[in-house]
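S.K.: Build me a model:
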Amino acid sequence: MRSALLLMLPLLIAWIPLLGSMYAVISVQEGVEITIDEDGGFSVQLWVIGLYPDVDFGIDPGDSSLSNGVAQLIVGSIREEANTLVIAYNSSLPHEQLKSMADQVAQSFSEAFNGMYVESVTDGFVPPTHIFYYTVAVNTSVALAKFVECAPKQSVKKLLTPSFIKKCFEFSFMFYVDYTGVVTVRFEGHVLGYFKGVGEHRLDFKELFGFHWSLPHGPQTGICIDAPPGATITNVECDPASYYVNGGIVTITIIGPQNVPNIVVHFTYTFPEDNNPPNVLITSPSAGSNVSGSVTITADVDDDSGILWVAFLVDDTLIANLTFPPWQCIWDTMEFSDGLHTITVEACDAYRNISSDSVQVYVNNAGGGEEETPSPDILSEFPVNLWIALIVSIVIVVALIAVIAFVLVRRISAKGEYALYPPPPPSSPSGHSSK
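M.R.: Predicted coordinates:
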């Protein structure tokens, strides 16, 4: 989608006057497009287009830096290099002057998207259009919030609930503005393996998007569901909105204040079926190891049908939820108590098959040190009867040593008296001592 939109920029500039007049009648139009693939996955597009300020995400088309120009920001979930800001001018002004204007527009986008990082990478001139390319670094949650929160608030943008975003293997947001006041916000996401098996299937908006209220919509909303070739539409539930079916394509139109509780499309088709769960193996840290500080949890995950998401948990606390490799995350063990903890990595493939792997580790922040494997506690493995025998033996040995020591001390004491006080000389027969 990104490359196609970038190639269309010169054409968009050429058609700016026509776009301004076309949307002058209806200030806001919006749509939902769902295309179901033959493998059971599908793509979803939501778009809202209109005149500023009816459609507003924080960029003023009347800014002099955008004079005779258009700006387009694309934020994707797969690769950071896909995040791009393109600014183009159909102007006779010097290229360097236009570059300065483009930098100011880039700064405005940075401020509107909570200070996202913007860096100029290249620029060019294809008469009569000057084009300036920027890479951007922004959290996709910021782009999602900007998409959902921007005016008009009550619109199909509200279909992007967290539960639906979790189902998307990849997604991107596009924010477009031109100096005539035409503003467009657009979401495109791809869901893997939602349908499988043979027979009748149902596309239920409430189940798919995870909302619990009536279908949000604007003054004029068009919804298109395109089933795979050969599918047969058997029933459509969308009262009080109107619809018509052409082959495998359902087109629904909601106008004005119609309260549409839900949209359900029933169709028959044969999808491939896969009941094999993903292969999951935690490679780091190893089971039974001591960990402290920041620890990298790494896992090997693969599945023939593709991986939808991989969740990293510690004791049922979610640490990270990834939708693309590498399958690793940082765990701050300081947020957990010292002791035994369980790391679990759970993966879901394209057909909603789920499997997991777990290891137990010891958090030891009090003792510090690097991750290491503890020495086995040999004494703890001694049987109880062996402990008793060992203690009795020690007591007997100590008693014998005490008895022997007592006897030796008595003998030494007796000998000591003669040494200190020698016995008197023997008496003479006459009773006088000899001299």
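
S.K.: When you work out contacts or count neighbours from here on, use the C-alpha atoms and nothing else.
M.R.: OK.

S.K.: The residue lying closest to Asn83 once chain neighbours are set aside: helix or strand, and which one exactly?
M.R.: Leaving aside its sequence neighbours, Asn83 sits nearest to Val75 (C-alpha to C-alpha, 6 or more residues apart in numbering; 4.5 Å). Using DSSP states H and E, the element containing Val75 is strand 69-76.

S.K.: Relative to His190, how far out is Phe42?
M.R.: Distance, Phe42 to His190, by C-alpha to C-alpha, to the nearest Å: 6 Å.

S.K.: likewise Asn139?
M.R.: Taking C-alpha to C-alpha, one finds Asn139 at 19 Å from His190.

S.K.: between these two, who's got more neighbours?
M.R.: It is His190, of Asn139 and His190, that has more neighbours when counted by other C-alpha atoms under 10 Å, with 20 against 15.

S.K.: In terms of helices and strands, where is the more buried one?
M.R.: Using DSSP H and E, His190 falls in strand 182-191.

S.K.: Report the contact partners of the nearest residue to Cys168 once chain neighbours are set aside.
M.R.: Leaving aside its chain neighbours, Cys168 sits nearest to Val191 (4.6 Å; criterion: C-alpha to C-alpha, 6+ apart). Val191 makes contact with Gly41, Phe42, Ser43, Val44, Lys167, Cys168, Phe169, Glu170, according to C-alpha atoms under 8 Å, 6 or more residues apart in numbering.

S.K.: Could you report the neighbour count for the closest residue to Ser91 other than its chain neighbours?
M.R.: With sequence-adjacent residues excluded and distances taken as C-alpha to C-alpha, 6+ apart, Ser91 is closest to Asn68, at 6.4 Å. Neighbourhood size, Asn68 [other C-alpha under 10 Å]: 17.

S.K.: show me what contacts Asn68?
M.R.: Asn68 sits in contact with Tyr89, Asn90, Ser91, Asp178, Tyr179, where contact means C-alpha under 8 Å, 6+ apart.

S.K.: repeat that with 7 Å
M.R.: Asn68 makes contact with Tyr89, Asn90, Ser91, Tyr179 under the criterion C-alpha atoms under 7 Å, 6 or more residues apart in numbering.

S.K.: Go through the residues you listed and flag which are in helices.
M.R.: Here DSSP state H is the test, and these give no hits in helices at all.

S.K.: shaky segments in this protein?
M.R.: Within the chain, the segments meeting pLDDT under 70 span 1-26, 78-81, 368-393, 395-435.

S.K.: Which stretches in it count as helices?
M.R.: So, for the chain - with DSSP H - the helices run 2-7, 9-14, 16-22, 95-112, 140-149, 162-167, 205-209, 384-420.

S.K.: So what's the residue count around the closest residue to Cys238 other than its chain neighbours?
M.R.: Excluding the flanking residues, the one nearest Cys238 by C-alpha to C-alpha, 6+ apart is Ile263, at 4.7 Å. Neighbour count of Ile263, defined by other C-alpha under 10 Å: 18.

S.K.: Which residues are in contact with Ile263?
M.R.: Per C-alpha under 7 Å, 6+ apart, neighbours of Ile263: Asp204, Phe205, Glu237, Cys238.

S.K.: contacting residues for the residue lying closest to Ala71 once chain neighbours are set aside?
M.R.: Spatial nearest neighbour of Ala71, excluding adjacent residues (C-alpha to C-alpha, 6+ apart): Ile87 at 4.3 Å. Going by C-alpha under 7 Å, 6+ apart, Ile87 touches Val70, Ala71, Gln72, Ala102, Ile131, Phe132, Tyr133.

S.K.: Of these, just say which sits nearest to Gly218.
M.R.: Gln72 (23.2 Å; C-alpha to C-alpha).

S.K.: Any idea what that closest one is bridged to?
M.R.: Beta-bridge partners recorded for Gln72 (DSSP bridges): Val86, Tyr176.

S.K.: Might one say that it is in contact with Phe175?
M.R.: Yes. Gln72 is within contact range of Phe175, at 5.6 Å (criterion: C-alpha atoms under 7 Å).

S.K.: Tell me how many other residues crowd Ile233.
M.R.: By other C-alpha under 10 Å, neighbour count at Ile233 equals 22.

S.K.: wouldn't it be in contact with His266 here?
M.R.: Yes. Using C-alpha under 7 Å, Ile233 is in contact with His266, at 6.0 Å.

S.K.: Figure out how far stretch 256-267 is from the centre of its chain.
M.R.: 31 Å (C-alpha atoms, centre = their mean, to the nearest Å).

S.K.: likewise stretch 336-344?
M.R.: Per C-alpha atoms, centre = their mean, the centroid offset for stretch 336-344 relative to its chain is 21 Å.

S.K.: And the contacts of it?
M.R.: Contacts for stretch 336-344 (C-alpha under 7 Å, 6+ apart): 312-315, 356-365.

S.K.: Which pair in those residues has the greatest spatial separation?
M.R.: So, the contacts of stretch 336-344 by C-alpha to C-alpha: farthest apart are Ser356 and Asn365, at 27.1 Å.

S.K.: what domains does the record give for this structure?
M.R.: 2-271, 279-375 (automatic domain parsing).

S.K.: Do a quick rundown of the strands in the stretch 201-350 of the chain.
M.R.: 220-226, 232-237, 242-246, 249-255, 264-271, 279-284, 290-291, 294-302, 307-314, 317-322, 328-332, 339-349 (DSSP state E, counting those that start in this stretch).
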